[in-house]
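Participant: I'll drop the sequence and a predicted model, then ask my questions.
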Amino acid sequence: MSTEQNKAVVRRVFEEVINEGNLNVADETLTPDYVYRSPGSPDFHGPEGFKQLITMYRSACPDVHLEIDELIADGDTVVTRWTGRGTQLGEFMGIPPTGKQVTVTGVVITHFRGGKAAEEWELMDMLGLLQQLGAIPAPEQAVAAVR
């Protein structure tokens, strides 16, 4: 597959699976042995694992919307820099619903095989997200608490 075709698959996953919640698209865009990896998170395997991951995020923030800020492709690898926004209306990582609107940024590296995503490595600003949810004090809150 060409780099443009791989980028089109990434765009489709972002729009249809993540933003619209059409989980069945994962079956068409991920290899059966697909693996998602992110520090601090368990690995998710196959299209079903990816569906579980997206369901977790969409349950916590039903209005989640990820925007692609930058898309770079080289051979069978696509790097996506993204910004996500949503309102936490459901439990997230043990944090009860806050009703807070949050913004998080991240980067995901996707490796393709046969025109489908086979492996992804994602880094996101989890510290910033947890600070926005009030689970961890923001730097200015921590300094004020020390004074």
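Facilitator: Here it is on my side, so go on. Numbers count the residues shown, from 1 in each chain.
Participant: Would you pull up how far whichever strand in the chain runs longest lies from the middle of the chain?
Facilitator: Counting by DSSP state E, the longest strand found in the chain is strand 101-113. Put simply, strand 101-113 sits 5 Å off its chain's centre (Cα atoms, centre = their mean, to the nearest Å).
Participant: try stretch 99-107
Facilitator: Taking the mean of its C-alpha atoms, stretch 99-107 sits 10 Å from the chain's own mean (Cα atoms, centre = their mean).
Participant: got the angle between the helix or strand that the longest strand of the chain is followed by and strand 101-113?
Facilitator: Using DSSP states H and E, the helix or strand that follows strand 101-113 towards the C-terminus is strand 116-124. If you take axes from the mean of the first three to the mean of the last three Cα atoms, to 10 degrees, strand 116-124 sits at 140 degrees to strand 101-113.
Participant: Does anything pack onto strand 116-124? Which helices or strands?
Facilitator: Strand 116-124 is packed against helix 3-12, strand 30-37, strand 101-113, with contacts defined by 3 or more Cβ pairs under 8 Å, 6 or more residues apart in numbering; DSSP states H and E. C-beta coordinates here come from the backbone N, C-alpha and C atoms, glycine included.
Participant: Can you add distance to Leu123 and mean pLDDT and give these back as CSV?
Facilitator: Shown next, in CSV, are the helices and strands packed on strand 116-124 (distance: least, Cβ to Cβ, whole Å; pLDDT from 0 to 100):
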stretch, distance to Leu123, mean pLDDT
helix 3-12, 16, 97
strand 30-37, 10, 98
strand 101-113, 5, 98
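Participant: Fine, thanks again, bye for now.
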